[in-house]
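Asker: Sequence and predicted structure, then a few things I'm wondering about:
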Amino acid sequence: MEAGRTTAEGTYLAPWLFTAPLLSPGAGQLVPLRYAPNGPAAVEYLTALGARLPGEPPTASGYEAWRLARGTSGPAPARLYATAVLYVPGSGGSGGHHHEGTTSWLPSGMIVPVANLGTA
């Protein structure tokens, strides 16, 4: 660690690849985003998407288009997020914590901030 910086290892995905099918494999994906996926606006988008198009997975590009249509789009500092999918041995896949009718960035998983990337 030099000058307060840490090296983040893993697979880096472009923000437009922020979709559940690409985030699901447990390969240590890291995604730079200019919004918090669990922030109030992102949760509002998930709710609106689930109400309008049930079962449709959210995407970063869909979220950005939704923000632009609402007039809330704009530059923000990038932050690096890591993804993790819950796996229970013997369950045949994910831990079964995805509830029908809910829309989530990563069903049966979590997305957590790991580092700021600087200012925009």
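Answerer: That came through fine. Residues are numbered from 1 along each chain as shown.

Asker: for the protein, which spans come out with low pLDDT?
Answerer: 1-28, 87-102, 117-120 (pLDDT under 70).

Asker: can you map out the strands along it?
Answerer: 11-12, 29-33, 79-85, 109-116 (DSSP state E).

Asker: Of all those strands, which one is nearest L68?
Answerer: Closest approach to L68 among those is made by strand 29-33 (15.8 Å; Cβ to Cβ). Glycine gets a C-beta too; all of them are placed from N, C-alpha and C.

Asker: in terms of contact count, name the helices or strands touching that closest one.
Answerer: strand 11-12, helix 20-23, strand 79-85 (3 or more Cβ pairs under 8 Å, 6 or more residues apart in numbering; DSSP states H and E).

Asker: one step back: reformat the strands of the chain into JSON lines and put distance to L46 and mean neighbour count next to each item.
Answerer: Below are these laid out as JSON lines (distance: least, Cβ to Cβ, whole Å; neighbours: other Cβ atoms under 10 Å):
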{"stretch": "strand 11-12", "distance to L46": "24", "mean neighbour count": "12"}
{"stretch": "strand 29-33", "distance to L46": "14", "mean neighbour count": "20"}
{"stretch": "strand 79-85", "distance to L46": "16", "mean neighbour count": "19"}
{"stretch": "strand 109-116", "distance to L46": "12", "mean neighbour count": "15"}
